[in-house]
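K.L.:
from the sequence below, what's the structure:
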Amino acid sequence: MQPLIDHARAFGRRPEEFAGLASGQSPEVLFITCSDSRVVPALITGARPGQLFELRTAGNIVPPYASGVPTGEAATIEYAVEVLGVKDIVVCGHSHCGAVGALVRGDDLTPVPAVRDWLAHAADEPRCSDPADPSVAEAVRHHVLTQLLRLRSYPCVARRLAEGGLRQHGWYYEVDTGAVHEHRAETDSFEKL
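P.N.:
Below you'll find the model as predicted:
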């Protein structure tokens with residue numbers, strides 16, 4: 001913890017770099033990714049403060065839209081799309097994902113009921129021809145596409161997509177190499193950026 005505290009102290013000694021951020025934010029991208037500590041959106045993209053609006057959930061799960069049941073995830077998506085007017089939404093899954101791996105392997109999550117119940121929002125079980133693969137790459141890629149489809153059930157997202165004012169991107173990040181792959185609709189495959 002001490003190195004983090006030391007960095008935070010030094011970070012606060014450069015107010016001139018951040019003064020402009022007080023006037024508001026206008027990110028162009030909503031970046032939805034996993035809570036995994038190995039996935040750092042600003043590091044992956046090179047984004048500076050104010051460039052990404054982030055939503056981090058266990059397993060980068062986008063829960064089903066339910067108008068009568070507000071969630072933090074729905075509020076974040078709606079705010080990004082309706083208020084901030086983001087132009088792009090990236091759903092970024094990653095290799096070695098514990099959440100997707102648990103779904104693929106059918107792990108007993110009884111000791112962690114909140115995790116078990118949250119993972120039930122995954123929409124469907126990610127497909128994987130080799131459940132022994134520790135990277136669960138195939139399953140994560142399938143899972144990313146499922147979450148992109150789930151986003152389309154949000155009225156604000158569906159409307160902006162129909163109007164042509166919003167684009168969706170599916171990314172797969174390899175934690176062991178740093179490589180990022182993007183889904184290409186024309187080939188239905190993930191290709192290196």
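
K.L.:
need the longest helix for this protein.
P.N.:
helix 137-151 (DSSP state H).

K.L.:
can you list the buried residues in it?
P.N.:
Neighbour counts over helix 137-151 (16 or more other C-beta atoms under 10 Å) mark 137-148, 150-151 as buried. Placement of C-beta: from N, CA and C, glycine included.

K.L.:
restricting to C-alpha, output it in CSV.
P.N.:
Written as CSV, here are the backbone C-alpha positions of helix 137-151 (Å, rounded to 0.1, in the frame of the first residue of the first chain):
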residue,chain,number,x,y,z
ALA,A,137,-9.8,-17.0,-24.8
GLU,A,138,-12.6,-18.5,-26.9
ALA,A,139,-15.1,-18.1,-24.1
VAL,A,140,-14.1,-14.5,-23.3
ARG,A,141,-14.5,-13.5,-26.9
HIS,A,142,-17.9,-15.0,-27.1
HIS,A,143,-18.8,-13.3,-23.8
VAL,A,144,-17.7,-9.9,-25.2
LEU,A,145,-20.1,-10.3,-28.2
THR,A,146,-22.9,-11.4,-25.9
GLN,A,147,-22.4,-8.2,-23.8
LEU,A,148,-22.4,-6.0,-27.0
LEU,A,149,-25.8,-7.6,-27.9
ARG,A,150,-27.0,-7.0,-24.4
LEU,A,151,-26.2,-3.3,-24.7
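
K.L.:
skip ahead from it and say which helix or strand is next.
P.N.:
Sequence-wise, the next helix or strand downstream of helix 137-151 (DSSP states H and E) is helix 155-163.
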